[in-house]
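>>> make a model of this:
(one chain, ligands or ions: 1)
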Amino acid sequence: FHQRSRSSIRHVRGPPSPSWFYGHMRQLTLAPTYGYFEFQWLKAFGPVYRFKGCFGQNRLMVSDPVAFQYIFNSPHFALSPTTQNTVALVFGEGNLMGIRAGKLHKRLRNEFNAAFTAAAVRGYFPIFEKVAQAISQELEAKSSAAEELQEVIDVVPLLNAVTLGAIAEAALGCTAEDLGSEYVAANAEIMAAASNQSPLQLLADALLALLPSSVLRLFLLLPTKTLNAARKSNTLARSIGSRVIGRKEELMKSGVDVRTDVFGGLLDPERTETRLTREEIITQTPIVMVAGQETTTNTLSFALWELAKNPALQDSLRAEIHQLSNGGNFAYDKMPLLNAFIKEALRFYPSEAFTERMVTRDTVLPLSESITTSTGEEVKQIPLQEGQVVVVGVASYQRIQSRWGEDAHEFRPSRWLEGSIAKGDAVGPYANLLSFLGGPHTCLGWRFAIMEMQVVLCELVGKFSFSLSEEHPIRVGIANTLQPTMRDGGKGVPLKVTRVL
Ligand code: HEM
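The predicted structure is shown next:
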């Protein structure tokens, strides 16, 4: 068996490697448009294929729903040591993502899930609306000035302000100003550093992965600019958490119901038995603040870019928004095109385009459909060995034609309205999409993100029209997260913006 399993991953077919040093990593992460090579491999080799990491490492790319379920739920897959250390650095020790299993993880998830239920998040609509309206006022001032000067407006900083405001108010229960400029600056610095992707970085990551975890930890103690910013943002986020919890405890003492935001929900007096401790909640502040912001900004910026590319789609969406506005009292879940559009944006532009897992014990990966190996064998499961890396291909899965349709590589929201999407094996918490991943570590804030996007799109598309500027081409780049990338390599979506209402 040992012999067979050793040869097994090698015998999964895949593209020939262009380089021993880089393997396929440059094609995967530094292509001119994200997916340029990856989607060709998907077409040529199907949803499961072998490719090379740096230094000749064999890796398995997986975009099969049955395999996903196994990877997420089996105890034999872990974050790689490099990822584990980065997660601990950026989100702090003891964060939800870092604790992979066990009683504490279950308890944390149970309590947080109770604060993120559909009913709870629906209660945040007025907060999302307030935050979105503030941004639309800012956009109004900017757009009339820009129109006169024939200038474009980069919508990314505005969307960043919305998503930060939504987290501050609906998750923590404070204003964006309360977070303090120091936190905002440290946060921006990490985001900028994280979007610095280069061939050298790929090799550095691969080398770091070869180090024992204890040595890696020492590296992370170095006083470099980025590491300092990460530590600072972490400390500041914790003190914000501590402050908001303290304030809520005071309010509770005077009989005020604080369950008007996520952190307030965590203090729910009806859950005294299971309630998290003050320290446990504070420990989760950095991850809640960071995980909820960039991902939502990315998805919304791609969404506005798609509307600018497709004026007919934009007109139809605006017509739906105006028709169903009901004097500003939107029934967001009853807006067919809006929701189809959000699903398509999540499908086409998953903020986490892929994620790596490391095999911690020899195991066998089940597949939904058999594949033909290079030796001509038909197999429906692949033996994996301890130490091997599997890549969960979120973006690839979301382009599979047998599920999404022949035109899976086109951005076309109406596919969601036609009922033409194949049901098949279920994945993820929403619409069989993997954008929020799945299993015990499914995105905690997926409902929060969807409802926030519903509100922001109704507000912005209802009041403004967006169009492309030829001088500002945008491409789909990846730097940790999938993001709209400008010619200078920075993240941004500069558009012409006109007031319509
Ligand atoms: C469109 C927006 C969003 C996308 C695409 C997204 C995606 C994801 C993904 C893929 C993961 C899993 C990461 C991994 O384990 O590799 C995740 C985890 C997480 N997300 Fe989101 N997210 C979004 C919005 C939010 C929001 C708004 C919040 C909070 C208000 C949030 C909070 C979290 C937390 C706390 C985790 C860690 C969960 C755990 O490991 O137990 N996310 N998200």
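
>>> can we go C-alpha only for contacts and neighbour counts from here?
Noted.

>>> now residue 403: how far from residue 416?
Applying C-alpha to C-alpha, to the nearest Å, the value for residue 403 to residue 416 is 12 Å.

>>> verify the stated contact: residue 294 with residue 159.
No. In this structure residue 294 lies outside contact range of residue 159 using C-alpha atoms under 8 Å: 9.5 Å.

>>> looking at those two, which has the bigger crowd around it?
A direct count of neighbours by other C-alpha atoms under 10 Å for residue 294 and residue 159 places residue 159 higher, at 22 against 19.

>>> helix or strand for residue 286, which one?
helix 278-291 (DSSP states H and E).

>>> which residues touch that helix?
With C-alpha atoms under 8 Å, 6 or more residues apart in numbering as the test, helix 278-291 has contacts from 90-96, 164, 167-168, 171, 233-234, 237-242, 245, 263, 266.

>>> buried ones in that helix?
281, 282, 283, 284, 285, 286, 287, 288, 289, 290 (16 or more other C-alpha atoms under 10 Å).

>>> ok, it near the ligand or not?
Yes. Using C-alpha under 6 Å from any ligand atom, we find that helix 278-291 touches the ligand at 287, 288, 291.

>>> same question, stretch 425-437
Yes. For stretch 425-437, a contact with the ligand is found by C-alpha under 6 Å from any ligand atom, at 435, 436, 437.

>>> mind checking how far that stretch is from the chain centre?
Per C-alpha atoms, centre = their mean, to the nearest Å, the displacement of stretch 425-437 from the mean C-alpha position of its chain is 13 Å.

>>> output that stretch in CSV with nothing but the alpha carbons.
Extracted C-alpha coordinates of stretch 425-437, given in CSV (Å, rounded to 0.1, in the frame of the first residue of the first chain):
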residue,chain,number,x,y,z
ASP,A,425,-23.2,17.4,-4.3
ALA,A,426,-23.7,20.3,-1.9
VAL,A,427,-20.8,22.6,-0.8
GLY,A,428,-20.5,25.8,1.3
PRO,A,429,-23.2,27.6,3.3
TYR,A,430,-24.8,29.5,0.4
ALA,A,431,-25.9,28.6,-3.2
ASN,A,432,-23.4,25.8,-3.5
LEU,A,433,-20.6,28.4,-3.7
LEU,A,434,-17.3,27.8,-2.0
SER,A,435,-16.5,31.5,-1.7
PHE,A,436,-17.1,31.2,2.1
LEU,A,437,-15.5,27.8,2.2
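
>>> any buried residues in that stretch, and which?
Buried, per 16+ other C-alpha under 10 Å, within stretch 425-437: 426, 427, 428, 429, 430, 432, 433, 434, 435, 436, 437.

>>> I'd like those written out as CSV, with pLDDT added.
CSV is the format used below for the buried residues of stretch 425-437 (pLDDT from 0 to 100):
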residue, pLDDT
426, 91
427, 95
428, 95
429, 96
430, 97
432, 96
433, 97
434, 98
435, 98
436, 98
437, 97
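
>>> quick one: the strands in the stretch 1-150 of the chain?
Along the stretch 1-150 of the chain, counting by DSSP state E, counting those that start in this stretch, strands occupy 48-52, 58-62, 77-78.

>>> for the ligand, find the nearest of those.
Proximity to the ligand (C-alpha to the nearest ligand atom) singles out strand 77-78 among the strands of the stretch 1-150 of the chain, at 10.1 Å.

>>> list the helices and strands the closest one packs on?
Counting contacts by 3 or more C-alpha pairs under 8 Å, 6 or more residues apart in numbering; DSSP states H and E, strand 77-78 packs against strand 355-359.

>>> contacts for the strand it packs on?
Strand 355-359 has contacts (C-alpha under 8 Å, 6+ apart) with 76-80, 384-394.

>>> how distant is stretch 114-129 from the center of its chain?
Taking mean C-alpha positions (C-alpha atoms, centre = their mean), stretch 114-129 and its chain are 20 Å apart.

>>> what is the subsequent helix or strand relative to the helix holding residue 286?
Using DSSP H and E, the helix or strand that directly follows helix 278-291 along the chain is helix 294-309.

>>> list the buried residues of that next one.
Under 16+ other C-alpha under 10 Å, the buried positions of helix 294-309 are 294-308.

>>> which ones among those residues also lie next to the ligand?
Contacts with the ligand within the buried residues of helix 294-309, counted by C-alpha under 6 Å from any ligand atom: 295, 296, 299.

>>> ok, the last one - contacts?
By that I understand residue 299. Contacts of residue 299 (C-alpha under 8 Å, 6+ apart): 345, 346, 349, 350, 351.

>>> tell me what the longest strand seen in the chain is packed against?
As assigned by DSSP state E, the longest strand anywhere in the chain is strand 363-372. In terms of contacts (3+ C-alpha pairs under 8 Å, 6+ apart), strand 363-372 is packed against helix 65-73, strand 378-384.

>>> extract the C-alpha set from the first one and format it as PDB.
Output for helix 65-73, consisting of C-alpha atoms alone and laid out as PDB, is shown next (Å, rounded to 0.1, in the frame of the first residue of the first chain):
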ATOM      1  CA  PRO A  65     -17.200  18.700  -4.100                       C
ATOM      2  CA  VAL A  66     -16.900  15.300  -2.500                       C
ATOM      3  CA  ALA A  67     -13.200  15.800  -2.000                       C
ATOM      4  CA  PHE A  68     -13.900  19.300  -0.400                       C
ATOM      5  CA  GLN A  69     -16.300  17.800   2.100                       C
ATOM      6  CA  TYR A  70     -13.600  15.300   3.100                       C
ATOM      7  CA  ILE A  71     -10.800  17.800   3.300                       C
ATOM      8  CA  PHE A  72     -12.900  20.200   5.500                       C
ATOM      9  CA  ASN A  73     -14.300  17.600   7.900                       C
END
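
>>> for that helix, name the packing helices and strands.
Contact here means 3+ C-alpha pairs under 8 Å, 6+ apart; on that basis helix 65-73 packs against strand 363-372.

>>> buried ones in the strand it packs on?
In strand 363-372, counting by 16+ other C-alpha under 10 Å, buried: 363, 365, 366, 367, 371.

>>> touching, the second one and residue 379? I think so.
In other words, residue 365. No. Residue 365 is not in contact with residue 379 according to C-alpha under 8 Å; the separation is 10.7 Å.

>>> spell out which residues of the stretch 51-200 of the chain are next to the ligand.
96, 97.

>>> which sections of the stretch 51-200 of the chain are below the confidence cut-off?
Scanning the stretch 51-200 of the chain for pLDDT under 70 picks out the ranges 194-197.
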